[in-house]
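**Q** just a sequence and a predicted model for now, questions to come.
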Amino acid sequence: MSLYEKPAHVLHDMLVKKEISSVELTNDVLGRIDAVEGKVGAYLTLTKDAALAQAKAVDEKRAAGEALGYLAGIPGAIKDNICTKGIKTTCASKILDNFVPPYDATVMTKVKAENPVLLGKTNLDEFAMGGSTENSAYHVTHNPWNLGCVPGGSSGGSAAAVASGSAIWALGTDTGGSIRQPASFCGVVGLKPTYGRVSRYGIVAYASSLDQVGPLTRDVTDAANVLNVISGLDEMDSTSSPAAVPDFTQALKEDVKGLKIGLPKEYFTDGMDPEVEKAVKDAIEVYRSLGAEIVEISLPHTKYAISTYYLIAPAEAATNLQRYDGVSYGARVDGIDLVDMMTKTRTEKFGEEVKRRIMIGNYALSAGYYDAYYLKALKVRTLIQQDYTEAFKSVDVIMCPTAPTPAYEIGSMISDPLQMYLQDICTVPLNLAGLPGISLPCGKSSKGMPIGLQIIGKALDEETILRAAYTYEQTQSYHGVLPTIGGEKA
Ligand code: GLN
């Protein structure tokens with residue numbers, strides 16, 4: 001097994017035991033990038049030289065007898081909507097194609113304190129708006145399991161990098177499923193923490209009441225370990241939670257005896273792919289056999305979740321994206337006067353999907369429509385939150401598919417935005433309620449595409465979903481198995 005196939009916790013142990021050096025590991029991953037990145041296209045920016053310098057520095061620290069942080073010397077990738085000091089952060093948009101942040105996002109400060117090796121910035125749907133990474137203004141990312149399929153989105157680059165062996169771990173963001181759904185499509189683990197668990201400072205805002213940063217990793221242990229690194233109160237983000245951060249690694253126990261698992265009947269809908277439904281139901285049977293108790297529950301307002309999300313998210317996006325006006329930073333297209341300059345800049349530099357959402361958002365917020373759309377959506381959001389509060393009175397976790405289908409073909413849905421929005425049915429309700437969720441592989445379709453199981457937890461109870469995910473993972477053999485990419489074996 002090559003080094004780039006291993007999870008971070010295994011590599012960490014090997015580094016600590018001096019079985020490998022970080023330079024050796026980094027060269028191995030860079031070699032893999034050279035072999036497959038041309039086919040997968042996970043990255044927007046690669047920082048190979050800096051990565052090797054970071055690896056060398058870690059090896060020197062180790063030689064000097066210094067203790068190694070969990071991510072020390074381990075190559076990872078960062079979604080390109082997370083501000084990285086001195087490294088271009090484009091959000092996969094032409095409007096930010098010249099933007100080099102003068103500061104690090106808080107998650108970057110926390111990650112860097114561990115001395116990781118940072119490989120570069122990964123592709124996404126422009127401003128994280130989308131579910132396939134096809135909305136990137138730069139290039140399409142291909143699913144490592146089938147290069148003709150999408151990797152999911154919007155954190156498709158991060159998921160594809162981890163799945164292809166071009167990164168050991170990655171950070172993504174999740175506003176309505178953008179960590180969990182690409183994790184599901186690419187056969188890796190993706191965790192969206194509780195809203196407020198991780199600071200949003202320095203994350204390019206899409207929809208501020210929904211956005212969260214989280215890990216995409218080879219296995220559940222790595223997800224817990226990365227979450228340990230990035231969690232915690234931040235005075236730079238007034239919505240970050242003051243709740244104590246537990247040691248998530250301690251939650252990794254094989255024990256689901258007596259765990260009450262809720263199966264929401266509304267999530268197993270008519271449009272669901274039968275292979276997805278079967279894989280998820282088989283996973284539930286594994287839990288039952290391990291002593292968990294399965295309870296059917298109802299989340300009656302689920303049917304309104306898509307419409308609620310697609311009013312609130314665009315409304316917040318329209319507001320957040322007002323700052324790209326060609327004045328303070330980002331691209332500028334010259335015009336005859338200020339209004340002409342701003343109009344040209346925004347018309348030419350934003351992509352179609354971003355413009356569509358700005359228009360929907362401004363419409364929903366405008367006088368005369370505000371009450372009918374935005375305010376109504378906020379009220380329904382509360383009802384969706386209350387559904388979960390009610391359900392969690394009788395269950396410990398809720399399980400369902402992460403997405404209604406496995407990864408689909410590139411180009412097959414992009415011309416039908418509504419169809420694409422409907423794909424988010426299993427993921428957006430959590431963001432509206434602020435709850436944590438994890439996606440982990442639970443099987444393959446007959447075409448060999450990964451399927452994800454989603455586990456939803458109570459607010460600030462990432463520990464229980466990690467424990468449940470870890471327990472299931474121990475019963476499976478395909479976790480961490482890398483695909484053959486365009487004839488290139490793992
Ligand atoms: N697919 C959803 C959207 O397009 C979710 C995106 C996300 O989580 N960033 O908004």
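**A** In hand now; what should we look at?
**Q** that's a helix at residue 398, yeah?
**A** No: the assignment for residue 398, made by DSSP: H, G, I helix; E, B strand; the rest coil, is strand rather than a helix.
**Q** which stretches of the stretch 51-200 of the chain form strands?
**A** Here the stretch 51-200 of the chain has its strands, by DSSP state E, counting those that start in this stretch, at 75-79, 117-122, 169-174, 189-192.
**Q** quickly compare those and say which is most buried.
**A** Per residue and on average, the most neighbours among the strands of the stretch 51-200 of the chain fall to strand 189-192, with a mean of 33 (mean count of other Cβ atoms under 10 Å). (C-beta placed from N, C-alpha, C; glycine too.)
**Q** that one and the ligand, any residue contact?
**A** No: for a cut-off given as Cβ under 6 Å from any ligand atom, strand 189-192 has no contacts with the ligand; the smallest distance is 8.5 Å.
**Q** average pLDDT for that strand?
**A** Strand 189-192 shows a mean pLDDT of 98 in the predicted model.
**Q** adjacent strands (with direction) for that strand?
**A** strand 212-217 (antiparallel), strand 437-444 (antiparallel) (DSSP bridges).
**Q** now the strands of the stretch 51-200 of the chain in CSV, with distance to residue 356?
**A** Output for the strands of the stretch 51-200 of the chain, formatted as CSV (distance: least, Cβ to Cβ, whole Å):
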stretch, distance to residue 356
strand 75-79, 22
strand 117-122, 24
strand 169-174, 20
strand 189-192, 24
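**Q** buried residues in the helix or strand of the chain with the lowest mean pLDDT?
**A** When each helix and strand of the chain is scored by mean pLDDT, DSSP states H and E, helix 417-422 comes last, with a mean of 90. Going by neighbour count (16 or more other Cβ atoms under 10 Å), the buried part of helix 417-422 is 417, 420-421.
**Q** up against the ligand, what does the stretch 1-150 of the chain have?
**A** Within reach of the ligand by Cβ under 6 Å from any ligand atom, the stretch 1-150 of the chain has these residues: 128-131.
**Q** wait, what's in contact with the most centrally placed residue in the chain?
**A** What sits nearest the mean C-alpha location of the chain, by Cα atoms, centre = their mean, is residue 179, with 1.8 Å. Neighbour list for residue 179: 155, 158, 172-173, 190-192, 214-216, 439 [criterion: Cβ atoms under 8 Å, 6 or more residues apart in numbering].
**Q** which of those residues lies closest to the ligand?
**A** residue 173 (6.1 Å; Cβ to the nearest ligand atom).
**Q** residue contacts, the residue lying closest to residue 70 once chain neighbours are set aside?
**A** The shortest distance from residue 70 to any non-neighbouring residue, by Cβ to Cβ, 6 or more residues apart in numbering, is to residue 225 (5.2 Å). The neighbours of residue 225, taking Cβ under 8 Å, 6+ apart as the test, are 8-9, 70-71, 248-249.
**Q** which two from the contacts of residue 179 end up farthest apart in space?
**A** Farthest apart among these by Cβ to Cβ are 173 and 439. That separation is 14.5 Å.
**Q** the longest helix belonging to the chain: which residues count as buried?
**A** Criterion DSSP state H: the longest helix present in the chain is helix 22-40. In terms of neighbour count (16+ other Cβ under 10 Å), helix 22-40 has its buried residues at 22-23, 25-30, 32-33, 35-37, 40.
**Q** most remote residue from the middle of this structure, which is it?
**A** Distance from the C-alpha centroid of the chain peaks at residue 336, with 41.3 Å (Cα atoms, centre = their mean).
**Q** ok so that residue is a strand residue?
**A** No: according to three-state DSSP, residue 336 belongs to no strand; its state is coil.
**Q** so what pLDDT did it get?
**A** Residue 336 is given a pLDDT of 98.
**Q** and what of residue 270?
**A** Per-residue pLDDT puts residue 270 at 73.
**Q** just give the nearest non-adjacent residue to residue 455, would you?
**A** Counting by Cβ to Cβ, 6+ apart, residue 455 lies nearest to residue 465, which is 4.5 Å off, once chain neighbours are set aside.
**Q** residues in contact with the one helix or strand the one you found maps to?
**A** Taking DSSP states H and E as the criterion, residue 465 maps to helix 462-473. Identification of contacts with helix 462-473 by Cβ under 8 Å, 6+ apart yields 189, 191, 193-194, 197, 219-221, 223-224, 227, 246, 248, 250-256, 259, 261, 283, 286-287, 290, 292, 396-397, 436-438, 440, 442, 453, 455-458, 479.
**Q** report the buried members of the residues you listed.
**A** By 16+ other Cβ under 10 Å, the contacts of helix 462-473 give 189, 191, 193-194, 197, 219-221, 223-224, 227, 248, 251-252, 256, 259, 261, 283, 286-287, 290, 292, 396-397, 436-438, 440, 442, 453, 455-458, 479 as buried.
**Q** nearest residue to residue 47 other than its sequence neighbours?
**A** Closest residue to residue 47 apart from its sequence neighbours, by Cβ to Cβ, 6+ apart: residue 120 at 4.9 Å.
**Q** next up, the contacts around the one you found.
**A** With contacts defined as Cβ under 8 Å, 6+ apart, residue 120 is in contact with 43-48, 51, 77-78.
**Q** same check on residue 202?
**A** Listed by Cβ under 8 Å, 6+ apart, the contact set of residue 202 reads 82-83, 101, 103-108, 236.
**Q** on the three-state scheme, the residue nearest to residue 70 is what?
**A** helix.
**Q** can you check residue 455 too?
**A** The three-state assignment at residue 455 reads strand, by three-state DSSP.
**Q** enumerate every residue touching it.
**A** Applying Cβ under 8 Å, 6+ apart, we find residue 455 in contact with 397-399, 437-438, 440, 465, 468-469.
**Q** and for residue 265?
**A** Neighbours of residue 265 in contact, by Cβ under 8 Å, 6+ apart: 296-298.
**Q** from residue 166, how far out is it?
**A** For residue 265, the distance to residue 166 equals 39 Å [Cβ to Cβ, to the nearest Å].
**Q** measure the residue lying closest to residue 466 once chain neighbours are set aside to residue 460 for me?
**A** Excluding its sequence neighbours, the residue lying closest to residue 466 (Cβ to Cβ, 6+ apart) is residue 251, at 4.5 Å. Distance, residue 251 to residue 460, by Cβ to Cβ: 12 Å.
**Q** next one: residue 209
**A** Using Cβ to Cβ, residue 209 is found at 17 Å from residue 460.
**Q** likewise residue 448?
**A** Distance from residue 448 to residue 460, counting by Cβ to Cβ: 37 Å.
**Q** would you mind giving the secondary structure of residue 9?
**A** Going by three-state DSSP: residue 9 is helix.
**Q** quick revisit: list the contacts for the residue nearest to residue 466?
**A** Residue 251 sits next to 224, 462-464, 466-467, 470 when contact means Cβ under 8 Å, 6+ apart.
**Q** quick one: buried residues of stretch 148-168?
**A** Neighbour-count burial for stretch 148-168 [16+ other Cβ under 10 Å]: 149-168.
**Q** quick one: mean pLDDT for that stretch?
**A** Stretch 148-168 comes out at a mean pLDDT of 98.
**Q** would you put the C-alpha positions of that stretch in CSV?
**A** Only the C-alpha atoms of stretch 148-168 are listed here, as CSV (Å, rounded to 0.1, in the frame of the first residue of the first chain):
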residue,chain,number,x,y,z
GLY,A,148,-17.4,10.8,-16.5
CYS,A,149,-19.3,11.6,-13.3
VAL,A,150,-19.4,14.7,-11.1
PRO,A,151,-17.6,14.6,-7.7
GLY,A,152,-20.6,16.3,-6.0
GLY,A,153,-20.3,19.8,-4.6
SER,A,154,-19.7,22.3,-3.7
SER,A,155,-16.6,20.9,-2.0
GLY,A,156,-16.1,18.6,-5.0
GLY,A,157,-12.4,19.4,-5.3
SER,A,158,-11.7,18.5,-1.6
ALA,A,159,-13.6,15.3,-1.8
ALA,A,160,-12.0,14.3,-5.1
ALA,A,161,-8.5,15.1,-3.8
VAL,A,162,-9.0,12.8,-0.7
ALA,A,163,-10.7,10.1,-2.7
SER,A,164,-8.0,10.0,-5.4
GLY,A,165,-5.0,10.0,-3.1
SER,A,166,-4.0,13.6,-4.0
ALA,A,167,-4.5,14.7,-0.4
ILE,A,168,-4.7,12.8,2.9
